[in-house]
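Colleague: pasting a predicted model and its sequence here:
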Amino acid sequence: NAGVTQTPKFQVLKTGQSMTLQCAQDMNHEYMSWYRQDPGMGLRLIHYSVGAGITDQGEVPNGYNVSRSTTEDFPLRLLSAAPSQTSVYFCASSRTTDYSGNTIYFGEGSWLTVV
Amino acid sequence: SQQGEEDPQALSIQEGENATMNCSYKTSINNLQWYRQNSGRGLVHLILIRSNEREKHSGRLRVTLDTSKKSSSLLITASRAADTASYFCATDNTDKLIFGTGTRLQVFP
């Protein structure tokens, strides 16, 4: 039972570099999302997807791109890393956006440091 | 801006005591959920309360919802050291699930 898998777990980037955080789920969930977590800020929604081929912006989308070419995968791309993007990133998935009957599953997080 | 704000930001209690955390939100909701996060780990779903419900129980957890005040509370009874974690409320807004800033709970043995 893999659930939601995020890679890498830890990454250090230099300012200006690009990278992709990978997220995969094996539960055939339609809904996937990316959050970042900063001290004292809780979790903030970056981007989300309600199904393959459909993505939308969350609260803090600037500096990030996403795509959803398959139901299973939802990668998050940092185009040109900045120190302000130092954070812990969480991927989450749910069967649908009807949260009344669905549980949201979170990955274990990716710790990103931009120097 | 975030939908939910929890208070207190941090709470320290002794084992056996009850812990109460509050969440306030800004817009109308369909559901409100509470999550737990152990240090360095992902979030785990605890309980969901629908907008037409006022109270819900799950084991040692009791959640209340007051839609007129746009607020919810999470009560953990007879706390244990293993309850030490951060607790977040989350509200749904169409396709988005928006989290609050969290309460850090420390339970001392």
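Modeller: That came through fine. Residues are numbered from 1 along each chain as shown, chains lettered A, B, ... in the order given.
Colleague: can you list the weak-confidence ranges in chain A?
Modeller: Residue ranges of chain A with pLDDT under 70: A:1-2, A:98-101.
Colleague: what does it put close to chain B?
Modeller: With the criterion set to C-beta under 8 Å from any C-beta of the partner chain, chain A comes near chain B through A:4, A:31, A:33, A:35, A:40-45, A:48, A:50, A:56, A:58-59, A:90, A:92, A:97, A:99-100, A:103-104, A:106-109. For every residue, glycine as well, the C-beta is placed using N, CA and C.
Colleague: now do the strands in the chain.
Modeller: Since you didn't name a chain, this refers to chain A. Taking DSSP state E, the strands of chain A run over residues A:4-7, A:10-13, A:19-25, A:31-38, A:42-51, A:54-57, A:64-66, A:76-78, A:87-94, A:105-106, A:110-114.
Colleague: can you look at chain B instead?
Modeller: Counting by DSSP E, the strands of chain B are B:4-7, B:10-14, B:19-25, B:31-37, B:43-50, B:55-58, B:61-66, B:71-76, B:85-93, B:96-99, B:103-108.
Colleague: and residue A:26, which of these is closest to it?
Modeller: With C-beta to C-beta, the closest approach to residue A:26 among the strands of chain B belongs to strand B:43-50: 18.2 Å.
Colleague: and the angle from that closest one to strand A:42-51?
Modeller: Calculated by axes from the mean of the first three to the mean of the last three C-alpha atoms, to 10 degrees, strand B:43-50 forms an angle of 80 degrees with strand A:42-51.
Colleague: for strand B:43-50, packing partners?
Modeller: Counting contacts by 3 or more C-beta pairs under 8 Å, 6 or more residues apart in numbering or on different chains; DSSP states H and E, strand B:43-50 packs against strand B:31-37, strand B:55-58, strand B:61-66, strand B:71-76.
Colleague: for chain A, find the nearest of those strands.
Modeller: strand B:31-37 (5.0 Å; C-beta to the nearest C-beta).
Colleague: the closest one pairs with which strands?
Modeller: strand B:43-50 (antiparallel), strand B:85-93 (antiparallel) (DSSP bridges).
Colleague: give me the residues contacting the lowest-mean-pLDDT helix or strand in chain B.
Modeller: Ranking every helix and strand in chain B by mean pLDDT, DSSP states H and E puts strand B:4-7 at the bottom, with a mean of 79. Strand B:4-7 is contacted by residues A:42, B:21-25, B:87-91, B:98-103 when judged by C-beta atoms under 8 Å, 6 or more residues apart in numbering or on different chains.
Colleague: at 7 Å instead, please
Modeller: B:21-25, B:89-91, B:98-103 (C-beta atoms under 7 Å, 6 or more residues apart in numbering or on different chains).
Colleague: and these, which is closest to residue B:70?
Modeller: Proximity of the contacts of strand B:4-7 to residue B:70 (C-beta to C-beta) peaks at residue B:25, which lies at 5.1 Å.
Colleague: looking at it, that closest one is touching residue B:92, isn't it?
Modeller: No. Using C-beta atoms under 7 Å, residue B:25 is not in contact with residue B:92, being 10.4 Å away.
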